[in-house]
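Colleague: Sharing a model prediction with you, sequence too.
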Amino acid sequence: MAVKEFKAESKRLLDMMIHSIYTQKEIFLRELISNASDAIDKIYYKALTDENLTFDKDSYYIKITPDKENRTLTVSDTGIGMTETELEENLGTIAQSGSLAFKHDNEMKDGYDLIGQFGVGFYSAFMVADEITVISKAAGSDQAYKWQSKGAEGYTIEPCEKNGNGTDIILKLKENTEDEDYDQYLEEYRLRAIVKKYSDFIRYPIKMDVTERRLKEGSDDEYEEVKEEQTLNSMVPIWRKNKSELTDEDYEQFYMEKHYGFDKPVKHIHIKVDGTVRYNAILYIPEKIPFDYYTPEYEKGLELYANGVLIMEKCPDLLPDYFSFVKGMVDSEDLSLNISREMLQHDRQLKLIAKNIKNKIKRELANLLKENREQYEAFFKSFGRQLKFGVYNEFGAHKEDLQDLLMFYSSKEKKLVTLDEYVSRMPEDQKYIYYATGESIDRIEKLPQTELVLDKGYEILYFTEDIDEFAIKMLMNYKEKEFRSVSSGDLGFETEDKKETDAEEKENKELFAFMKETLDGKVKNVRASHRLKSHPVCFTTDGEVSIEMEKVLSAMPNGQNVKADKVLEINIHHDVFNALKEAFAHDKDKCKLYTNLLYNQARLIEGLEIEDPVAFSNDICKMMA
Ligand SMILES: Nc1ncnc2c1ncn2[C@@H]1O[C@H](COP(=O)(O)OP(=O)(O)OP(=O)(O)O)[C@@H](O)[C@H]1O
């Protein structure tokens with residue numbers, strides 16, 4: 001059976017291409033500049049093998065010329081140019097890429113890869129232009145040709161005059177509409193911004209005549225406008241340079257120029273990988289939190305370049321959420337771009353790069369912690385919270401990666417310590433890693449529950465952030481040592497007066513039962529405390545939910561009504577206990593009053609609200625009167 005060829009409705013195809021591939025019109029300039037750069041690269045490659053050609057770098061450049069009067073924008077290059085046939089083949093056939101063919105025909109040197117590959121970028125200019133004229137003279141040819149098209153209707157080619165080799169692409173810009181301002185592509189500042197954004201690292205100079213206002217010579221108040229040719233792009237991508245050539249200042253300068261942040265980064269990481277996937281990256285660990293960092297508006301991601309051309313301003317897939325503070329860029333020749341270059345086709349390479357980057361950041365942070373504690377702490381104060389979220393999120397999937405980067409305030413050292421430091425100095429008889437939660441270090445220090453653990457000589461980690469306890473619950477243990485709250489029912493050691501406390505509890509069983517009944521479901525239990533030394537009363541909790549967690553959960557929008565199982569602990573060595581016993585024996589109402597007062601005291605100590613402040617204040621008055 002005869003195989004029939006597919007037919008394409010080329011007008012419709014072109015129309016679809018122009019209107020549906022790109023989300024941003026401004027990228028037309030990126031595409032034309034990339035073509036111009038490819039055209040110069042081709043001369044460079046030809047010169048490597050053709051003795052008649054020399055490549056004198058200074059004569060190769062790209063020039064952008066806006067002409068407001070005629071509403072034209074011209075992108076010229078001094079590259080290889082196109083013959084009549086090439087104009088016909090490359091610009092007359094959609095998806096015909098002369099650059100891709102060139103790549104196949106010539107052995108390309110690594111790192112100097114041509115940009116074009118799909119054979120469609122040129123047509124993006126029809127997004128902003130009604131008519132495109134291409135005047136081109138191929139290297140080694142005496143005759144120039146003019147290709148002209150108004151889009152879907154077709155094109156014409158005729159001989160014309162042109163000085164020197166290369167190509168001029170002249171766009172007759174569309175008239176402005178209500179929704180679109182095409183005049184912007186005639187404004188110098190706008191053109192400069194687009195070049196900087198996408199094409200800053202094109203290897204050849206991109207020039208433009210820029211108007212500057214200057215003092216007239218000999219005058220000190222009269223100004224004049226002067227046109228001066230300027231190079232708009234930086235050309236040499238810092239990431240392609242050798243690390244040994246670069247100073248800290250160079251990296252900091254790049255950070256500033258790229259507007260990654262306004263602070264001075266704590267650290268830069270320069271990665272050059274030439275393995276299964278080839279890429280260069282420069283990453284920064286900022287010192288200060290961007291103002292919107294902990295808001296939903298903050299977008300994580302790294303700039304993604306393919307061959308020095310910007311593809312994506314913030315590629316989120318390159319960074320895990322817990323390293324979302326990292327800034328910087330990645331440049332790779334190996335990305336599978338889709339034809340708009342706005343997305344990646346499939347992400348095997350990207351996944352590999354992301355994994356590499358994640359491991360590198362982790363290692364570098366660990367090094368910083370080891371080598372420059374002060375700087376690490378400054379970083380951790382800003383972004384430690386994000387690392388803790390990382391431990392907690394995705395059901396703890398990343399906890400192994402992050403646990404050694406965590407720090408908490410230590411009761412012993414009076415500064416931030418790592419879990420490893422804590423565990424390595426644990427006395428042999430210490431079973432658990434102890435922590436106490438509260439709003440501030442000050443407040444935790446005054447918590448009655450910490451007394452006993454501190455008395456034992458054990459170190460306590462202070463958890464002052466909402467996320468701390470949630471993260472630790474996800475971590476469960478560190479180096480086989482379980483975490484244990486100082487408020488937990490079982491602290492993992494026997495107290496000296498345990499016998500006495502147990503005996504008292506037995507003896508006063510009815511008193512405790514009475515108190516529990518008085519509190520009417522507000523506490524799960526009332527018991528004699530093993531842990532209180534000087535304070536009369538405190539809360540501890542049975543079960544998984546701590547009081548701090550209850551606070552966090554109830555403060556959430558559409559507040560979750562999760563309650564901690566509170567236990568009211570009474571210090572049997574405190575005078576208050578005698579007063580309670582006395583009241584229980586002779587005046588039950590008084591015993592109720594004392595119970596309510598003690599319960600509310602425990603709430604205050606924990607930073608919980610008094611449920612009924614009026615009743616509380618009446619109770620105090622009753623006691624005084
Ligand atoms: N300024 C130029 N100088 C010389 N040749 C050019 C120029 N602009 C375009 N061409 C030729 O026209 C072809 C088609 O260009 P087009 O931009 O449509 O696609 P491409 O650059 O090959 O691929 P991509 O769609 O990936 O950008 C190019 O491959 C190149 O051969």
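Modeller: Structure received. Residues are numbered from 1 along each chain as shown.
Colleague: Pro448 and His535 touch, don't they?
Modeller: Yes - if you go by CB atoms under 8 Å, Pro448 and His535 touch, sitting 3.5 Å apart. For glycine as for every other residue, the C-beta is placed from the backbone atoms N, C-alpha and C.
Colleague: list residues touching both of those two?
Modeller: Here Pro448 and His535 share the contacting residues Ile605, scored by CB atoms under 8 Å, 6 or more residues apart in numbering.
Colleague: Settle it for me: which of the two has more neighbours?
Modeller: Pro448 (23 against 20; other CB atoms under 10 Å).
Colleague: does the more buried one count as helix, strand or coil?
Modeller: Of the three states, Pro448 takes coil according to DSSP: H, G, I helix; E, B strand; the rest coil.
Colleague: give me phi/psi at it?
Modeller: phi -60, psi -30 (degrees, to the nearest 10).
Colleague: now swap in Tyr409 and tell me
Modeller: phi -70, psi 140.
Colleague: Likewise for the one 3 residues further on?
Modeller: Taking degrees, to the nearest 10, you get phi -80, psi -50 for the backbone angles of Lys412.
Colleague: tally of neighbours for it?
Modeller: 14.
Colleague: Would you mind listing what in this protein touches the ligand?
Modeller: 31, 35-36, 39, 77, 79-82, 90-91, 97-100, 116-123, 167 (CB under 6 Å from any ligand atom).
Colleague: Quickly note the distance from Leu232 to the ligand.
Modeller: Leu232 sits 18 Å away from the ligand, going by CB to the nearest ligand atom, to the nearest Å.
Colleague: for Ile572, same thing?
Modeller: 81 Å.
Colleague: Can you tell me the SS state at that residue?
Modeller: coil.
Colleague: Can you check the pLDDT for it?
Modeller: Ile572 carries a pLDDT value of 89.
Colleague: how much space between it and Asp612?
Modeller: Relative to Asp612, Ile572 is positioned 28 Å away (CB to CB, to the nearest Å).
Colleague: Met343 too?
Modeller: Taking CB to CB, one finds Met343 at 59 Å from Asp612.
Colleague: same deal with Ile353?
Modeller: 59 Å.
Colleague: In terms of neighbours, single out the busier of these two.
Modeller: Ile353 (26 against 12).
Colleague: Can you get me a residue count around Lys498?
Modeller: Using other CB under 10 Å, Lys498 is surrounded by 11 other residues.
Colleague: Would you mind measuring from it to the ligand?
Modeller: 77 Å.
Colleague: That residue is in contact with Arg531, isn't it?
Modeller: No - the pair Lys498 / Arg531 is not scored as a contact, 10.6 Å apart, by CB under 8 Å.
Colleague: Could you pick out the buried ones from the residues of the chain next to the ligand?
Modeller: Buried subset of these (neighbour count, 16 or more other CB atoms under 10 Å): 31, 35-36, 39, 77, 79-82, 90-91, 97-99, 116-123, 167.
Colleague: Below-threshold pLDDT in the chain: ranges please.
Modeller: 107-112, 344-346, 496, 558-560 (pLDDT under 70).
Colleague: Per the annotation, how does it divide into domains?
Modeller: According to automatic domain parsing, the chain comprises the domains 8-231, 238-372, 406-485, 498-624.
Colleague: end-to-end on the longest one?
Modeller: Distances were taken as CA to CA, to the nearest Å; on that basis the terminal residues of domain 8-231 are 42 Å apart.
Colleague: swap in the third one?
Modeller: Its start and end residues considered, domain 406-485 measures 18 Å (CA to CA).
Colleague: swap in the second one?
Modeller: Taking CA to CA, the span from the opening residue of domain 238-372 to its closing residue is 26 Å.
Colleague: Okay, helices next: where are they in the stretch 401-550 of the chain?
Modeller: 419-424, 441-445, 450-455, 466-475, 498-507, 509-518, 547-555 (DSSP state H, counting those that start in this stretch).
Colleague: and the residue of the stretch 251-400 of the chain nearest the ligand?
Modeller: Ranked by CB to the nearest ligand atom, the top residue of the stretch 251-400 of the chain for proximity to the ligand is Ile339, at 6.2 Å.
Colleague: Does that residue touch Ile21 like I think?
Modeller: Yes - checked against CB under 8 Å, the pair Ile339 and Ile21 is within contact range at 6.2 Å.
Colleague: Now do the shared contacts for those two.
Modeller: What both Ile339 and Ile21 touch, as defined by CB under 8 Å, 6+ apart, is the set Val120.
Colleague: In terms of neighbours, single out the busier of these two.
Modeller: Ile21 (19 against 16).
Colleague: Can you tell me the SS state at the nearest residue to Glu187 once chain neighbours are set aside?
Modeller: In this structure, Glu187 finds its nearest non-sequential neighbour in Pro66, 7.3 Å apart by CB to CB, 6 or more residues apart in numbering. Per three-state DSSP, the local secondary structure of Pro66 is strand.
Colleague: for Ala101, same thing?
Modeller: Per three-state DSSP, Ala101 ends up helix.
Colleague: That one: how many residues sit nearby?
Modeller: Neighbours around Ala101, by other CB under 10 Å: 13.
Colleague: Would you map the strands across the stretch 351-500 of the chain?
Modeller: With DSSP state E, counting those that start in this stretch as the criterion, the stretch 351-500 of the chain has strands at 408-410, 416-417, 433-437, 460-463, 477-478, 481-485.
Colleague: packing partners for the third one?
Modeller: Read that as strand 433-437. With contacts taken as 3 or more CB pairs under 8 Å, 6 or more residues apart in numbering; DSSP states H and E, strand 433-437 sits against helix 419-424, strand 460-463, helix 466-475, strand 481-485.
Colleague: Report the buried residues of the shortest one.
Modeller: When you say that, I think you mean strand 460-463. So for strand 460-463, counting by 16+ other CB under 10 Å, buried means Ile460, Leu461, Tyr462, Phe463.
Colleague: before we move on, what about the last one?
Modeller: If you call a residue buried by 16+ other CB under 10 Å, then strand 481-485 has these buried ones: Phe483, Arg484, Ser485.
Colleague: what's the closest of these to His270?
Modeller: Nearest to His270 among the buried residues of strand 481-485: Phe483, at 37.6 Å, using CB to CB.
Colleague: I figured the closest one hits Ala471, correct?
Modeller: No - when contacts are counted by CB under 8 Å, Phe483 is not listed as touching Ala471 (10.0 Å).
Colleague: For Gly275, give its distance to Ile157.
Modeller: Relative to Ile157, and taking CB to CB, Gly275 is found at 46 Å.
Colleague: Between those two, which is the more surrounded one?
Modeller: The neighbour comparison of Gly275 against Ile157 (other CB under 10 Å) goes to Ile157, with 18 against 8.
Colleague: Looks to me like that one is in a helix.
Modeller: No - secondary structure of Ile157 (three-state DSSP): strand, not part of a helix.
Colleague: Pairing partners for it in the sheet, please.
Modeller: With DSSP bridges as the criterion, Ile157 is bridged to Trp147.
Colleague: before we move on, back to that, give me the secondary structure label for the residue of the stretch 251-400 of the chain closest to the ligand.
Modeller: Using three-state DSSP, the structure places Ile339 in coil.
Colleague: mind listing what it touches?
Modeller: Neighbour list for Ile339: Ile21, Phe118, Val120 [criterion: CB under 8 Å, 6+ apart].
Colleague: Same check on Tyr123?
Modeller: With CB under 8 Å, 6+ apart, Tyr123 has these contacts: Leu14, Met17, Ile18, Ile94.
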